[in-house]
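Asker: generate coordinates for the sequence data below:
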Amino acid sequence: MFLLKPKWMIPIAIITGLFATFGVHRYLQRQKQIVVHPQAEVAKVVVATVNLPMGSKLEAEMLRLTDWPRDLVSGQTFGVIDSVVGRVVKTDIYPGEAILESKLAPRGSAGGFLGLIPPGMRAMTVAVNVVSGVSGFILPHTHVDVLATVTPSSKKEEATTRIILEDIEVLAVDQTFRKSDDEAVTVQSVTLLVLPEQAEKLALASNEGKLQLTLRNMVDRATASSSGIRLQQLISSNRPAAVASAPAPQAPAPAAPDTPEADVEEPPQVIEMLRSNVRSEVVLQGGKTKEAKPK
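Answerer: Next comes the predicted model:
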């Protein structure tokens, strides 16, 4: 019963409050550590240990396993090194980067340039110059549209230019299929990745006309709705507006009837008369007549 005495109640309340405060503080600190440092689940993922240029064949010495958060692991990654040994890389991979299925050529592909051609596709080379090659800015793995200009031998005004291929990937520039930088280079040929039917169009267009390449944005996959243009249409569309026709000449106004003026004298009229072999003249002027001897 001594605890109920006033002199003990205050110290006991203070001690109890301190214990309660300390317990709440420890609990909150423990919850904070759980939130800040959660124990995330991890999984093994195959990553590169060296720089792997495009066309390289993977070997075990180039790879290692590392822990990745399981939330970041997808069906594109690999968890066993042996599952990717011998595969060919179709795009550059850097140290520490995960090996993904989308960055590898199909199984059984040969190393080098041949491993970059997917099944069912073809690699076809076309000649270009500085102008048709977009001044050297077309590099491996960029995407282009192909325009063809065909001129009939009989009618030059029927020359037509139209887009024959769209969103075509560039495999190589000259003999280079690895993209080292974005600097412009002078090229003489470009190798394109096309379907067999696209290769037929490209061969016919290069034989019958002139080819022109246009560079696309890497994220632009939209197709154009253009139907081409003819030389006659181009000339007609650039022709200036017809000059306004000159006003037709106006007919001269009819002359006003002569009105006699008071101050203008009428010229005299002379009438020659013969009387018994005698010649005389009669002058009419101002409504009056007078006879005069002939001169």
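
Asker: drop to CA atoms for contacts and neighbour counts, all remaining ones
Answerer: Fine.

Asker: how about the residue nearest to the spatial centre of the chain, what does it touch?
Answerer: Averaging the C-alpha coordinates of the chain gives a centre point, and the residue nearest to it by C-alpha atoms, centre = their mean is Arg216 (5.5 Å). With contact taken as C-alpha atoms under 8 Å, 6 or more residues apart in numbering, Arg216 is in contact with 142-145, 167.

Asker: please convert the buried members of these into ChimeraX selection syntax.
Answerer: In ChimeraX syntax, the buried subset of these is picked out as below (16 or more other C-alpha atoms under 10 Å):
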select :142,143,144,145,167
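
Asker: of the contacts of Arg216, closest to Ala159?
Answerer: Within the set of the contacts of Arg216, Asp145 lies nearest Ala159; the separation is 19.6 Å, counting by C-alpha to C-alpha.

Asker: measure the residue nearest to the closest one when sequence neighbours are not counted to Leu234 for me?
Answerer: In space, Asp145 comes closest to Glu166 once its chain neighbours are excluded; the distance is 4.4 Å by C-alpha to C-alpha, 6 or more residues apart in numbering. Between Glu166 and Leu234 the computed distance is 23 Å (C-alpha to C-alpha, to the nearest Å).

Asker: these two: which is more packed in?
Answerer: Counted by other C-alpha atoms under 10 Å, Glu166 and Leu234 do not tie: Glu166 has more neighbours, with 19 against 12.

Asker: does the more buried one touch Thr223 like I think?
Answerer: Yes - between Glu166 and Thr223 a contact is recorded at 6.9 Å, counting by C-alpha atoms under 8 Å.

Asker: which stretches of the stretch 151-295 of the chain have low pLDDT?
Answerer: Flagging of the stretch 151-295 of the chain using pLDDT under 70 yields the residue ranges 177-186, 237-266, 274-278, 285-287, 289, 291-295.

Asker: buried residues, stretch 117-130. List them.
Answerer: Using 16+ other C-alpha under 10 Å as the test for burial, stretch 117-130 gives 117, 122-125, 127-128.

Asker: neighbours of the spatially closest residue to Leu284 that is not a sequence neighbour, just the number please.
Answerer: The shortest distance from Leu284 to any non-neighbouring residue, by C-alpha to C-alpha, 6+ apart, is to Gln269 (5.0 Å). By the other C-alpha under 10 Å criterion, the neighbourhood of Gln269 contains 13 residues.

Asker: next: Pro106.
Answerer: Around Pro106 there are 18 other residues, counting by other C-alpha under 10 Å.

Asker: OK, contacts around it?
Answerer: Contacts were defined as C-alpha under 8 Å, 6+ apart; by that measure Pro106 touches 87-88, 115, 118.

Asker: where is pLDDT lowest across the residues you listed?
Answerer: By predicted confidence, the contacts of Pro106 are weakest at Gly115, whose pLDDT stands at 75.

Asker: so which residues of the stretch 1-150 of the chain form helices?
Answerer: Taking DSSP state H, counting those that start in this stretch as the criterion, the stretch 1-150 of the chain carries its helices at 6-36.

Asker: which residues of it score low on pLDDT?
Answerer: Within the stretch 1-150 of the chain, the stretches falling below the threshold (pLDDT under 70) are 1-7, 33-40, 132-133, 135-136.

Asker: how about the strands of it, start to end?
Answerer: In the stretch 1-150 of the chain, the strands defined using DSSP state E, counting those that start in this stretch lie at 42-48, 63-69, 122-127, 143-150.

Asker: could the ones you listed be laid out in JSON lines, adding distance to Leu104?
Answerer: As requested, the strands of the stretch 1-150 of the chain are exported to JSON lines (distance: least, C-alpha to C-alpha, whole Å):
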{"stretch": "strand 42-48", "distance to Leu104": "13"}
{"stretch": "strand 63-69", "distance to Leu104": "14"}
{"stretch": "strand 122-127", "distance to Leu104": "18"}
{"stretch": "strand 143-150", "distance to Leu104": "19"}
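
Asker: could you break this structure into its assigned domains?
Answerer: Segmentation of the chain into domains, based on automatic domain parsing, reads 2-36, 42-114, 120-227, 267-295.

Asker: do me a favour and get the end-to-end distance for the second one?
Answerer: Distances were taken as C-alpha to C-alpha; on that basis the terminal residues of domain 42-114 are 37 Å apart.
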